[in-house]
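K.L.:
Next input, structure requested:
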Amino acid sequence: MTEQSTGLEFPTGVVEPEYDLWAEDVNIDPTGIFADIDAADLAWRTKARKFIVEEVKNDIHEYWDKADYPLHLIKKLGDADLLRDGLNLDSHEKMSPLAAGLVNMEMARGDGSVATIVGVQGGLALRSVLFCGNEDQIQKYAMPMLTGELAGAFALTEPTHGSDSVSLETRATKVEGGYRLSGEKKWIGNGSIGGVSIVWARDDEGKVRGFVVHQDAEGYNATTIQNKLSLRAIWQAHIRMENVFVPDEDVLPEAKSFKDTSRVLFATRLGVAWSAVGHATACYESAVNYAKQRVQFGRPLAASQIVQERLARMQSELATIQVLVMQATKRETTGELTGPQASLAKYTATRTARSIASNARDLLGGNGILTSNRVARHFADVEAIHTYEGTETVQALIMGRDITGFSAFA
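P.N.:
Residues are numbered from 1 along each chain as shown. The predicted structure follows:
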């Protein structure tokens, strides 16, 4: 029997409307803390947001679903001069610490994997060469990384040394004309896509040194890690190195101890806090948009008292971490930011972003677990930033040592 022959009509309301969770009429600056940023910093924020809307928004969930890496974005980010993470070079427009933070925020507000591309390529790999390399290495490696022509990885974490990366076991043995590297690294973003890896290893004297390793070098074997729940649109690698030869010209001369490694890491920690604000912003504005557009029991969710209370709580949490990272960035700008203060920012921002993401996911109901909706991806990706660049526990121990004067590190 055909539909027409039944004489019946389908009931109204069976086709769910499309929800515009990216609508930008939500007030995401409840205290006005961004209202007075200067024109130069605002321009960087606007550029980052434009990049997300034009290059990322429409198809990133498809890459995320398939665990596919949009490799073309590295070059596009370079072309837009968005791979610098606050690093300033001659002949390039100045990027202040606040501008770098705003770029990190907008990248993460768009997508966590894209924000991590910037963090790995610019924040860690590029910074390592600029901080620890000589002029020839800067021209050969840093400048192509800056423009996105060369992919860069930062290979520090090992399978058995994450939070205690100072205990790394990868070895660099001196041989004629260079070094031979042997060991394993894990969770290395960009480590398996054919560029270079900045590998941290111990030399014959036990000192931590930095090496530029070409990923096509003999003995360098990188496997893309599968089955990730978070950051699915960037590839992270498990690297095995067996007597990989690194010529002397690719040894970073100013990377002489773990203090030099830590200098790079310290410079990026606040960027992770800004990324957390970006994730929290995306979840909050998505929740507000959904609450206004979703109709249940004959009225928008936003007309419910319990929904308004939940949104108010999320707004309060978002405002809290916005104020926190802005204050930390002011101190970074004046050179007064301390390690414990950076840890406080990262610890608080990622914890709070998790809370906002959880509330947003719940508020969207079943739609909150669809990766085509923004919240599900941010909900998952926040878990990764809560861990990398120092876990919650490590940040707490840094803060606790500052509070008490006693070190509780094992």
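
K.L.:
What's the mean pLDDT across stretch 33-42?
P.N.:
The average pLDDT for stretch 33-42 rounds to 96.

K.L.:
Lys57 contacts Glu24, doesn't it?
P.N.:
No - contact criterion Cβ atoms under 8 Å: Lys57 and Glu24 do not qualify, at 11.4 Å. No exception for glycine: its C-beta is placed from N, CA and C like everyone else's.

K.L.:
Neighbour count: these two, which is higher?
P.N.:
Set side by side, Lys57 and Glu24 show more neighbours around Lys57, with 14 against 10, by other Cβ atoms under 10 Å.

K.L.:
Arg351 touches His386, doesn't it?
P.N.:
Yes - the criterion here is Cβ under 8 Å, and Arg351 meets it with His386 at 7.2 Å.

K.L.:
got any residues that touch both of the two?
P.N.:
Glu392 (Cβ atoms under 8 Å, 6 or more residues apart in numbering).

K.L.:
how many neighbours does Gly365 have?
P.N.:
Gly365, neighbours per other Cβ under 10 Å, totals 12.

K.L.:
quick thing: my sequence starts at 3, can you match it?
P.N.:
All set: I'll call the first residue 3, so the last point we hit is now Gly367.

K.L.:
Now do it, the pLDDT please.
P.N.:
94.

K.L.:
Can you give me the distance of it to Ala386?
P.N.:
24 Å (Cβ to Cβ, to the nearest Å).

K.L.:
can you pull the contacts of the residue lying closest to Ile371 once chain neighbours are set aside?
P.N.:
Among residues not flanking Ile371 along the chain, Ala378 sits closest, at 5.4 Å (Cβ to Cβ, 6 or more residues apart in numbering). When contacts are counted by Cβ under 8 Å, 6+ apart, Ala378 is found next to Arg363, Gly370, Ile371, Leu372.

K.L.:
Check Trp24 too.
P.N.:
Here Trp24 is in contact with Lys59, Ser288, Asn291, Arg376 (Cβ under 8 Å, 6+ apart).

K.L.:
Please repeat the previous calculation with a cut-off of 10 Å.
P.N.:
Contacts for Trp24 (Cβ atoms under 10 Å, 6 or more residues apart in numbering) come out as Ile54, Val55, Lys59, Gly112, Ala284, Glu287, Ser288, Asn291, Arg376.

K.L.:
so what's the first one up against?
P.N.:
So the one you mean is Ile54. With Cβ under 10 Å, 6+ apart, Ile54 has these contacts: Trp24, Ile62, Glu108, Met109, Ala110, Arg111, Gly112, Asp113, Val116, Ala117, Gly280.

K.L.:
In TSV: those residues, plus secondary structure and distance to Arg271.
P.N.:
Supplementary listing: these in TSV, determined by DSSP: H, G, I helix; E, B strand; the rest coil; distance: Cβ to Cβ, whole Å:
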residue	secondary structure	distance to Arg271
Trp24	coil	29
Ile62	helix	25
Glu108	helix	19
Met109	helix	16
Ala110	helix	15
Arg111	helix	19
Gly112	helix	21
Asp113	coil	21
Val116	helix	20
Ala117	helix	14
Gly280	helix	15
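
K.L.:
so can I have CSV of the contacts of Trp24 showing secondary structure and pLDDT?
P.N.:
Converted to CSV, these look like this (DSSP: H, G, I helix; E, B strand; the rest coil; pLDDT from 0 to 100):
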residue, secondary structure, pLDDT
Ile54, helix, 98
Val55, helix, 97
Lys59, coil, 95
Gly112, helix, 97
Ala284, helix, 97
Glu287, helix, 97
Ser288, helix, 97
Asn291, helix, 96
Arg376, helix, 92
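
K.L.:
Need the max-distance pair from those.
P.N.:
The most widely separated members of the contacts of Trp24 are Ile54 and Asn291, with 16.4 Å between them, by Cβ to Cβ.

K.L.:
returning to that earlier point: wasn't the residue nearest to Ile371 part of a strand?
P.N.:
No - Ala378 is assigned helix when assessed by DSSP: H, G, I helix; E, B strand; the rest coil, not a strand.

K.L.:
Against Asp61, how distant is it?
P.N.:
16 Å.

K.L.:
How far does the strand or helix carrying Ile405 sit from its chain's centre?
P.N.:
In the assignment (DSSP states H and E), Ile405 maps to helix 394-406. Centre-to-centre, helix 394-406 and its host chain are 22 Å apart (Cα atoms, centre = their mean, to the nearest Å).

K.L.:
do stretch 99-118 as well
P.N.:
Here the centre of stretch 99-118 is set off from its chain's centre by 7 Å, with Cα atoms, centre = their mean.

K.L.:
How about stretch 29-45?
P.N.:
Stretch 29-45 sits 21 Å away from the centroid of its parent chain (Cα atoms, centre = their mean).

K.L.:
Quick one: end-to-end distance for that stretch.
P.N.:
19 Å (Cα to Cα, to the nearest Å).

K.L.:
Return the set of buried residues in it.
P.N.:
Neighbour-count burial for stretch 29-45, counted by 16 or more other Cβ atoms under 10 Å, picks out Ile30, Phe36, Ile39, Asp43.

K.L.:
ok, and what's touching it?
P.N.:
Residues contacting stretch 29-45 (Cβ under 10 Å, 6+ apart): 46-48, 95-105, 107, 111, 279, 282-284, 286-287, 290, 314, 317-318, 320-322, 324-325, 327-329.

K.L.:
cool, stretch 63-71 as well?
P.N.:
Contacts for stretch 63-71 (Cβ under 10 Å, 6+ apart): 58, 72-73, 75, 113-116, 119, 191-192, 194-195, 226-230, 232-238, 372-376, 378-379, 382-383.

K.L.:
Give me the subset of these that lies in helices.
P.N.:
Per DSSP state H, helices hold the following members of the contacts of stretch 63-71: Leu75, Gly114, Ser115, Val116, Ile119, Arg376, Ala378, Arg379, Ala382, Asp383.
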